[in-house]
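Asks: just the structure for this:
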Amino acid sequence: MREIALFPLNIVAFPGEAVNLHIFEPRYKALINDCLEQNDTFGIPAFVLNKIELGTEVEIVEVTKKYSDGRMDIKTKALKVFKVEDFWNPWRDFEYAGGKIKYLPIKDESTDLNLLYEFKEMVARLFGWLGEDDVPDISAITSVYDIGHKIGLKSEEEYSLLDMPTENERLAFSLNHLENLIPALERAHNAQERIKQNGHFKHLDPLKF
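Replies: Alright, predicted model coming up:
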C-alpha cells in the first residue's frame, strides 16, 4: 500500500489512456504543482457510483498551457488501477484530498485471440452502423481499454471493467454488451425507415392467394 494525492472525477480512466485535464480549482492547482515539483503521480478515483473506491494512477506527461491566474491544461497518462483503502479530505497538511491505495492484482493470463478477433469484428460492425468517419484503427486494438470509451458503455459499465483482473473477462463483458447493442441499433434503424414511409404514397404489389 502507499499514500497518494487524489483527484476524484466523474470519469473512468483506463490504463494506457491519455487523459487531458483543465485544472482551475485552487486545491487542484496546488496538487498538480506539488506533483510536478516532486515528479510524483496522483490518483483519479472514478466517482461514478457516488463512492470513492476504484481509480487509476496517472502521471503528468506535459503541461501544455499555463494561464496568468494559475490555471493549467495538462496531459496525463493513466497507469495502474487501484482500490482506495482510506480516503482523507483534506490530506495531511495539503488543501487537496489523498488516500491510502492498494494496486489491484493483474492475473498473468494470455489474451484469448479468438475473443479479441471477435471483439474487433463487433467494434467494426458498430462503427459501420454509426456511420462514423473518424474512427480508431481497429487493427491496432490490443485491449478493451484501447476502445472502451467508444463502444457505448455506460459510466457504471466502464467502471466495472476496472474491477476485472483479466483481459479475457473484459473482452467477454464487452462482447456481451455489443451483442445486445448492435441488434438494438438495427431495430431502431428499421423503425426509423418505417416511420419515414408513413404518410407517403406507396406502390405495393397485391398479394396473390
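Asks: and stretch 92-111, what's buried?
Replies: Residues 96, 97, 98, 99, 100, 101 are the ones in stretch 92-111 that count as buried (16 or more other C-beta atoms under 10 Å). In short, each C-beta sits where N, CA and C put it, glycine included.
Asks: what of stretch 5-15?
Replies: Buried residues in stretch 5-15, counting neighbours by 16+ other C-beta under 10 Å, are found at 5, 6, 7, 8, 9, 11, 12, 13, 14, 15.
Asks: for the first one, which non-adjacent residue is closest in space?
Replies: I take that to be residue 5. Spatially, and ignoring its direct neighbours in sequence, residue 5 is nearest to residue 42 (4.3 Å; C-beta to C-beta, 6 or more residues apart in numbering).
Asks: identify the residues contacting the one you found.
Replies: Residues near residue 42 by C-beta atoms under 8 Å, 6 or more residues apart in numbering: 4, 5, 6, 7, 31, 32, 35, 57, 58.
Asks: setting aside sequence neighbours, what's the nearest residue to residue 14?
Replies: residue 145 (3.9 Å).
Asks: is that neighbour in a helix, a strand, or coil?
Replies: Assigned with DSSP: H, G, I helix; E, B strand; the rest coil, residue 145 falls in the helix class.
Asks: that one against residue 13, yeah?
Replies: No: applying C-beta atoms under 8 Å, one finds residue 145 not in contact with residue 13, separated by 9.7 Å.
Asks: look up the pLDDT of residue 203 for me, please.
Replies: pLDDT recorded at residue 203 is 48.
Asks: likewise the one 3 residues further on?
Replies: Residue 206 is assigned 54 on the pLDDT scale.
Asks: same check on the one 3 residues further on?
Replies: Among the per-residue scores, residue 209 shows a pLDDT of 39.
Asks: with residue 125 instead?
Replies: Looking at residue 125, its pLDDT is 89.
Asks: tell me the contacts of it?
Replies: Applying C-beta under 8 Å, 6+ apart to residue 125 gives the contacts 178, 182.
Asks: circling back: tell me the two of the contacts of residue 42 that are most distant?
Replies: Greatest spacing in those, by C-beta to C-beta: 32 and 57 (14.7 Å).
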